[in-house]
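Undergrad: Let's see this in three dimensions:
(chains A, B and C, ligands or ions: 2)
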Amino acid sequence: MSAITKTYFDTKVLALIAVAIVINIVGGQFNDLLRLPIFLDSIGTILVAVLAGPIAGAITGIFTNVIIGLIFAPVAAAFAPVALVIGLVAGLLARAGWFRTIWQTVISGVVIAAALTVVAVPIRIYIFGGVTGSGADFFVAYFSSVGQTLVSSVAFTVFGSNVADKVLSALLVWGLVRQLPERLTAGYDYLKFSKAAA
Amino acid sequence: MLNSSIYCPGESSLHRANPLTKSTGLFTVVVTSFLLPPPALWVVSAIILLIGLACGVGGSVIWRYVLLSLPFTLAVFVFHGAILPRSDMQPVLGWLHYSLTGLEHASLVGGRISLILASSLLFVSTTAPATLLRALDAARWPPGLSFLLASPLLLLDQFTGRARAISDAQQTRGLSVDGSPWRRLQALRMLLVPLLTSALADAQERSHVLTARGFRALPYRTVIDPPADTRFQRFLRWSLAVFMAMETAFMVLR
Amino acid sequence: MIEVIDLHVGFASSDVLKGVSLRVAQGERLAILGGNGSGKSTLAGWLAGWFSGGTHRLTAGGCLWNGKPWDDYTLVERAATVQLVGQFPAQHISGRAFTVAEEIAFGPENLGLPHEEIVTRRDETLAACHLEHLAGRDPFTLSGGEQQRLVIASALALRPKLMILDEPFSNLDPEARSHTLSVLNALPADVSVIIMDTNPDTVLGWANRLFVLHEGKISEFGNIRATLFDPTVIATIGLPAVTRCFLEIERGSGSAENLSRDNLPLTFVEAAAILRRSRSA
Ligand SMILES: Nc1ncnc2c1ncn2[C@@H]1O[C@H](COP(=O)(O)OP(=O)(O)OP(=O)(O)O)[C@@H](O)[C@H]1O
Ligand SMILES: [Mg+2]
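TA: Ligands and ions are numbered 1, 2, ... in the order given. Okay, here's the model as predicted:
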C-alpha cells in the first residue's frame, strides 16, 4: 500500500529552499542598516547547500535570481547561472567536509568566490559588455585603462567584490549550523558532512 | 513588497494571453536578440515599449525601463566608446578619445540588453504571478516548481517585517549598528541568527503541513480556474519553440 | 477509528509521553487537557502521523488507524483521513496560495479531485467558516484569529475522518470560539474530533469525553465530572471558571441548594439552571 510518489526532494527540503530564497532577498536589508561593503545575497543559498547538498543549493540560487527578476529587476535573471554555481560549489565543498573548521570555511568562501568568477565573467562580458551600470564599473574601467585586458579587468573586479562577501557568508553559515538545536536541523542529510569530527 | 512588484492588472489581450504563451514569446525574443544587428535591436525595443503602451502598462514599463537601462547604456557606451583601449582610438579633445568599433559594440550590447529588458518588463507587468503558477500547474509541471516560485513571493513581506522587528528589538537591547567594521560584523550576526533560526523553524513546520494537505502526494494537481488556453496559442508555442531551436542551431553552427 | 497503544515518545534529552493509550471511536468528540509542556502538541503530531524519525523518538507503542499504522497508508489516503490544526496558525498556512480561497482549495487540488468537487468544497467551507468576506485576501495579511479559522477551514476542505485541533481557541474572541465549536458540531456524525487545550472552559459542554495529560500519562477518570474534580487535575488544570465562581459564592453565603461535586455547575448552562431554580424557590 505504501505507494509514496518518488520525488527527488523531500518536501522538507523544498520548504527550506523557499525560506532560504527569502533570506537571500531580505539579507540585503540588514546590510543597508550596517553599511558593510558586502552583498549578503547568498547566505540562504550557502545554508541550503550545507544542509541539503549541491543540487538543493543550486536550485536555491537559480530561483532567487528568477524571483528577483520577476518582481524587481529582470536583469537579475541573467545572473542565475552565477547563483547556481555558488550553491553547487558550496554544496560540493560541504560534501567534501570543507565546512568543518573555521579555516576550512574561510578557504571554502574563497573557492566559492573563485568559482563564481569563472561563470560571471563570460556573462558580464558577452552579454553585458563588461559593465553593469553600477559603481563596480569604475574598477573595470580603472583596470582596463592601466593595461589589463577586458577579461582580467572584469575578473579582478568580480572576484575582488565577492571574496569578502562569500567568506563572511560562509562563516556566518558555519557559525549558525554549529549552534542550531538538533530539532531544527533534523532530517537534513548533508549536515553530517559539516559536523566537526568529535 | 508584493505591492511594489512590477505586475499591473489590466484587461488587454496580452494580459489575457496564457502565461505559457507569453513566456515562450519572451524566450524567443531573448534568443533572437543574439542574432539581430544593433539598429534592429533598438527598433524592436521601441516597438515592445509601444506594445506596452497599447496594453495599458506603458507608464510603469517605460519608467522602469529607463530606470534600469539608462545607467547601463551610458556605462557601456562610455566604457567601450572611450575607455577600453582599441586599435582605432581617435583623439577628440585633449585626453578624450573615442573608438568607432567600440561605439558599434556598445550599441550592439546596449541594444540587446535594452530589448531583453523591455520584453521581460512587458512580460512581468502583464502576468500576475498567481496566474503564471496556475498555468504551470495546469500544464502538469511538477508541483514543487510552482511552490518554489510562489512561496518566496508570499513569504517576502512576512520576512521583511520579521527582519525589521529583529533589528528594532536588538537595537533597543543595546545592539549598536555603527562602530568599527568588526563591531558591525558582530551586529550582523546578532541580526541574522534569529532570522535564520525562525526561518528554519517555519520550514520544518510548513513541510509537515504541506505533506498533510497532500502536497506532492500525486505528481500533478487539479487546477480550478486554469488560465484560458486556445488551440491557436498552443500552435503558436510550438512554432516558437521550433523557431528557437532553429535559431540556436544556426548560432552554434555559424 | 484511531487507537494509541502504549505510546512512548520523546526527544533526545527527555521522554515526553510515557505510555499513552487511547481509543477513539468514530464520531466521538474528545477533549484532552494538559498544562504547558505536558506533551499535547507532541501527542497531536503523533496521532496525525506527522512524526517519524528525526528528533522525534519513538521508544515503544504506536498509533493505528483502523488497525494499521499511518506508514501503511499513502499520502493521499492520509490527507483525506486525518487533519491536524496546529497551535501556531501562521506556520500552518501552506505558503502556496495567494488568496484565502486558493488556500482552502489547495488541499483538494493536491488530491487531484474533480474540478466541480473542489469548487463545491471550497465554497461550502468558506461559508461554513465565515470566511467569505476574506476570500480574496492574502492569507499572510490576516489577523491571528482569522488565520486560525483559515487553517481550520483548509483542514475541513479535505473532509477528514479525524480532526485534531491543538489549542484552536487561543487566538479567538468569544464569538469566534462558539462559532468554531458549532462548525465542529456540524461535522458529519462519523467524524471524530480531538481538541487539545490548557483549560476546560471552552470544551466543556462540547466534549463527550475528557482526558487529562499529566507527567507523560493520559487519564480519564470514569466521567467528565470525576475527571475535573480529581485532586491532581484540580492542582494542574484548575476547575472551570463557572465552577470556581460557584464555590466562591458557596463559601461566602449559604445558597438555596446543597452544592457538591455531583451537582456543582460546570458550564454556563448548568449555572443558569441552578440560579433559575434558586430564584424561583
Ligand atoms: N522538537 C523538540 N525537541 C526537543 N524537545 C521538544 C521538542 N518539541 C517539544 N519538546 C519538549 O517536549 C515537551 C512537550 O512539548 P509539547 O509541545 O508537546 O507541549 P504542549 O503540551 O503542547 O505545551 P503548550 O501548552 O505550551 O503548547 C516540552 O518539554 C518541550 O520542551
Ligand atoms: Mg503545544
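Undergrad: Would stretch C:162-169 count as contacting ligand 2?
TA: No. On the criterion C-beta under 5 Å from the ion, stretch C:162-169 is out of touch with ligand 2, staying 5.7 Å away. (Each C-beta comes from the backbone N, C-alpha and C, glycine too.)
Undergrad: Which residues outside that stretch are in contact with it?
TA: C:2, C:24, C:40-41, C:44, C:47-48, C:65, C:81-87, C:148, C:152, C:155-156, C:177, C:180, C:184, C:187, C:191-198, C:202 (C-beta atoms under 8 Å, 6 or more residues apart in numbering or on different chains).
Undergrad: Can you mark which positions in that stretch are buried?
TA: C:162-169 (16 or more other C-beta atoms under 10 Å in any protein chain shown).
Undergrad: Of those, which belong to strands?
TA: C:162-166 (DSSP state E).
Undergrad: so where do the helices sit in the stretch 101-250 of chain C?
TA: Taking DSSP state H, counting those that start in this stretch as the criterion, the stretch 101-250 of chain C carries its helices at C:115-128, C:144-156, C:174-185, C:224-228, C:231-236, C:241-252.
Undergrad: count of neighbours near residue 101?
TA: No chain was given, so I picked chain A. 14 (other C-beta atoms under 10 Å in any protein chain shown).
Undergrad: that answer is for a different chain, and I need it for chain C
TA: 22.
Undergrad: need the helices for chain A, in chain order.
TA: A:11-34, A:43-52, A:54-71, A:80-95, A:102-122, A:128, A:136-145, A:150-179, A:182-185 (DSSP state H).
Undergrad: Near ligand 2, which residues of the stretch 1-150 of chain B? Just list them.
TA: So the stretch 1-150 of chain B never meets ligand 2 (C-beta under 5 Å from the ion).
Undergrad: So which residues of the stretch 1-150 of chain B form strands?
TA: B:89-93, B:96-99 (DSSP state E, counting those that start in this stretch).
Undergrad: Now mean pLDDT and mean neighbour count too, for these, in JSON lines please.
TA: As requested, these are exported to JSON lines (pLDDT from 0 to 100; neighbours: other C-beta atoms under 10 Å in any protein chain shown):
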{"stretch": "strand B:89-93", "mean pLDDT": "79", "mean neighbour count": "11"}
{"stretch": "strand B:96-99", "mean pLDDT": "84", "mean neighbour count": "16"}
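Undergrad: Save those strands as a markdown table, and put in distance to A:Tyr190 too.
TA: What follows is the strands of the stretch 1-150 of chain B, written out as a markdown table (distance: least, C-beta to C-beta, whole Å):
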| stretch | distance to A:Tyr190 |
| --- | --- |
| strand B:89-93 | 53 |
| strand B:96-99 | 50 |
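Undergrad: Out of those, the one nearest chain A is which?
TA: strand B:96-99 (10.8 Å; C-beta to the nearest C-beta).
Undergrad: And the pLDDT at the residue of the stretch 51-200 of chain C found nearest ligand 1?
TA: Residue of the stretch 51-200 of chain C nearest ligand 1, by C-beta to the nearest ligand atom: C:Thr55 (4.9 Å). Predicted confidence (pLDDT) for C:Thr55: 73.
Undergrad: try C:Gly67
TA: pLDDT, C:Gly67: 90.
Undergrad: One more: A:Thr11?
TA: 90.
Undergrad: Now for it, how many residues are close by?
TA: Around A:Thr11 there are 22 residues (other C-beta under 10 Å).
Undergrad: Any idea how many residues pack against residue 141?
TA: Reading this off chain A. 20.
Undergrad: The intended chain is chain B.
TA: B:Trp141, neighbours per other C-beta under 10 Å, totals 14.
Undergrad: how close does it sit to chain C?
TA: Per C-beta to the nearest C-beta, to the nearest Å, B:Trp141 is found 14 Å from chain C.
Undergrad: I figured A:Lys166 was touching A:Val106, is that so?
TA: No. The criterion here is C-beta atoms under 8 Å, and A:Lys166 misses it with A:Val106 at 9.9 Å.
Undergrad: Which one of the two is surrounded by more residues?
TA: A:Lys166 (27 against 16).
Undergrad: ok, the residue of the stretch 51-200 of chain C closest to ligand 1 - contacts?
TA: So C:Thr55 contacts A:182-183, A:186, C:11-12 (C-beta under 8 Å, 6+ apart).
Undergrad: Surely C:Ala80 touches C:Leu158?
TA: Yes. C:Ala80 is in contact with C:Leu158 according to C-beta under 8 Å; the separation is 5.9 Å.
Undergrad: follow-up on the earlier one: please determine how far the residue of the stretch 51-200 of chain C closest to ligand 1 is located from A:Leu70.
TA: 36 Å (C-beta to C-beta, to the nearest Å).
Undergrad: Likewise for C:Glu28?
TA: 49 Å.
Undergrad: Then C:His214?
TA: Counting by C-beta to C-beta, the gap from C:His214 to A:Leu70 is 52 Å.
Undergrad: Compare neighbour counts for the two and give me the winner.
TA: A:Leu70 (24 against 19).
Undergrad: Can you give me every residue that contacts the nearest residue to the more buried one once chain neighbours are set aside?
TA: Of all residues not flanking A:Leu70 in the chain, B:Val124 sits nearest, at 5.6 Å (C-beta to C-beta, 6 or more residues apart in numbering or on different chains). B:Val124 makes contact with A:69-71, A:74, B:5-7, according to C-beta under 8 Å, 6+ apart.
Undergrad: Could you do C:Leu58 as well?
TA: Contacts of C:Leu58 by C-beta under 8 Å, 6+ apart are C:7-9, C:46, C:51-52.
Undergrad: same thing but at 6 Å, please
TA: Shown in contact with C:Leu58 (C-beta atoms under 6 Å, 6 or more residues apart in numbering or on different chains): C:Val9.
Undergrad: Tell me if whichever strand or helix holds it is near ligand 1.
TA: C:Leu58 belongs to strand C:57-65 when assigned by DSSP states H and E. No. Strand C:57-65 lies out of reach of ligand 1 by C-beta under 6 Å from any ligand atom, never closer than 9.4 Å.
Undergrad: Now do that strand: distance to the chain's middle.
TA: 21 Å (C-alpha atoms, centre = their mean, to the nearest Å).
Undergrad: same question, stretch B:130-148
TA: 17 Å.
Undergrad: tell me the mean pLDDT over that stretch?
TA: 92.
Undergrad: Just give the strands next to the lowest-mean-pLDDT helix or strand in chain B in its sheet, each with its orientation.
TA: Ranked by mean pLDDT, DSSP states H and E, the weakest helix or strand in chain B is strand B:89-93, scoring a mean of 79. Applying DSSP bridges, strand B:89-93 is found paired with strand B:96-99 (antiparallel).
Undergrad: For the strand it pairs with, give me every contacting residue.
TA: B:81-82, B:86, B:88-92.
Undergrad: what's the answer for stretch C:186-203, then?
TA: C:24, C:26-33, C:40, C:44, C:161-167, C:169, C:177, C:184, C:240-241.
Undergrad: ok, for whatever residue of chain A ends up closest to ligand 1, nearest residue in space, not its chain neighbours?
TA: Of chain A, the residue with the smallest distance to ligand 1, taken as C-beta to the nearest ligand atom, is A:Arg183 at 3.5 Å. Counting by C-beta to C-beta, 6+ apart, A:Arg183 lies nearest to C:Thr55, which is 4.6 Å off, once chain neighbours are set aside.
Undergrad: Thanks a lot, see you next time.
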